[in-house]
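Asks: pasting the structure only:
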């Protein structure tokens, strides 16, 4: 069978996409096709419904001329809960706190996920922004090397690209509340 390489999936068609991030045996989290961070499984205890309220990425973009200022949550809109229910599978579960966040703050209208373990990329699409936004994530994984594949790490790279001649100012932010308790 020929390797076809990574596949691109629009978030609306990929509610069950959940790329696991985290070292072997260390616990992990998942990156969804919508850019959301879900399925927090700390201490290597399986919990696909595990969520960590307040864990997200955000963007603010401004420019002087023409005047522009926008803030976006780097996550595409969640589908209606009843539309994604699949028996015995809950990778499509979007926690209530994420749904509330996306109602209170403006999400990116669309996203496309491209990935092949251990790498994933979410390209966000918003024609109203003067920049293009992408998020790349991966987990260190070295075949046949358990020690280097067991690092408790998920690495994220956010890239902003301005394809216009007009300069813009942009800020990225991330919410990452305390995960392990006090």
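Replies: Looks like it came in fine. What you see is a predicted model, and the numbers here were worked out from it, not measured in a lab.
Asks: Just say helix, strand or coil for residue 99.
Replies: Classification of residue 99 using DSSP: H, G, I helix; E, B strand; the rest coil returns helix.
Asks: Report the contact partners of it.
Replies: By Cβ atoms under 8 Å, 6 or more residues apart in numbering, the contact set of residue 99 is 78, 81. C-beta here means a position set from N, CA and C on the backbone, and glycine is covered the same way.
Asks: and the residue positioned nearest the centre of the chain, what is it in contact with?
Replies: Centroid check for the chain by Cα atoms, centre = their mean gives residue 35 as the closest residue, at 2.6 Å. When the contact criterion is Cβ under 8 Å, 6+ apart, the partners of residue 35 are 11, 57, 74-76, 108, 111, 122, 124, 135.
Asks: can you tell me which of those residues are in strands?
Replies: Among the contacts of residue 35, DSSP state E puts 57, 111, 122, 124, 135 in strands.
Asks: export these to TSV and tack on pLDDT?
Replies: Formatted as TSV, these follow (pLDDT from 0 to 100):
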residue	pLDDT
57	96
111	97
122	98
124	98
135	98
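Asks: coming back round to it: return the backbone torsion pair for the residue nearest to the centre of the chain.
Replies: phi 90, psi 0 (degrees, to the nearest 10).
Asks: quick thing: my sequence starts at 228, can you match it?
Replies: Sure thing, new numbering starts at 228, so read that last one as residue 262.
Asks: Please report the distance of it from residue 362.
Replies: 6 Å (Cβ to Cβ, to the nearest Å).
Asks: Now for the two: what residues contact both?
Replies: 284, 301, 349, 351.
Asks: The third one against residue 340, yeah?
Replies: To tie it back to what came earlier, the one meant is residue 349. Yes: assessed by Cβ atoms under 8 Å, residue 349 is found in contact with residue 340 at 5.4 Å.
Asks: in which helix or strand would I find residue 374?
Replies: helix 373-376 (DSSP states H and E).
Asks: what mean pLDDT would you report for that helix?
Replies: On average, the pLDDT along helix 373-376 is 88.
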